[in-house]
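1. Only the shape, not the letters, is given here:
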């Protein structure tokens, strides 16, 4: 057993004699406060919850699909996405333009990381010019479905009702 250095008054870490690096004590994780969601986004985000409920009623789906709270990519990027290991749909929003995109996935985390994998490292120019987004993504909301096949139908339903600008496949101009 290594000796502990003397003369320390309850330090944030414990130094062992002869070691240069501190050994950190485990700290209790405190939940980060959620930043306020801009008012511009709230109506569309609430509309998504309402439409998912309408879809479940229309097709008598029980239990109803679960809709996550909003994830702010600027502050919660390194957290797990809600329902990250489940099949479902997701909505990507920008701060300025509102809803940008609705998608589906067999595993929400892998698909979302494909869209926004290096979020903190990308400039606005990269989002708009290189990847073709109409605005810079800022928020994500996920919907967990009961079975994988339900994500395809829910995605088509939501796109038809919300008409996001970056869902362009299959549109006639």
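-> Ah, there it is. These numbers come from a predicted model, not from an experiment.
2. who touches the helix or strand residue 57 falls within?
-> Per DSSP states H and E, residue 57 falls inside helix 42-58. Applying CB atoms under 8 Å, 6 or more residues apart in numbering, the external contacts of helix 42-58 come out as 37, 61-62, 64-65, 67, 70, 91, 93, 98-99, 139, 141, 143, 154, 157-158, 161-162. From N, CA and C alone the C-beta is placed, and that goes for glycine too.
3. Flag every buried residue along it.
-> 44, 45, 47, 48, 51, 52, 55, 56 (16 or more other CB atoms under 10 Å).
4. what would those look like in TSV with distance to residue 112 and pLDDT?
-> Listed next are those as TSV, based on distance: CB to CB, whole Å; pLDDT from 0 to 100:
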residue	distance to residue 112	pLDDT
44	18	76
45	16	79
47	20	89
48	16	92
51	20	94
52	18	95
55	21	96
56	22	95
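5. returning to that earlier point: so what strands line up beside whichever helix or strand comes after the helix holding residue 57?
-> Counting by DSSP H and E, the next helix or strand C-terminal to helix 42-58 is strand 66-67. Strand 66-67 pairs in its sheet with strand 137-144 (antiparallel), by DSSP bridges.
6. In the strand it pairs with, which residues are buried?
-> In strand 137-144, counting by 16+ other CB under 10 Å, buried: 137, 138, 139, 140, 141, 142, 143, 144.
7. Looking at those residues, which is nearest residue 82?
-> Distance ranking of the buried residues of strand 137-144 against residue 82, using CB to CB, places residue 142 first at 5.0 Å.
8. quick one, what contacts that closest one?
-> 67-68, 71, 81-84, 88-91, 108, 112.
9. From those residues, which one has the minimum pLDDT?
-> Within these, pLDDT reaches its minimum at residue 81, with 74.
10. my guess is it meets residue 141, correct?
-> No. The pair residue 81 / residue 141 is not scored as a contact, 9.6 Å apart, by CB atoms under 8 Å.
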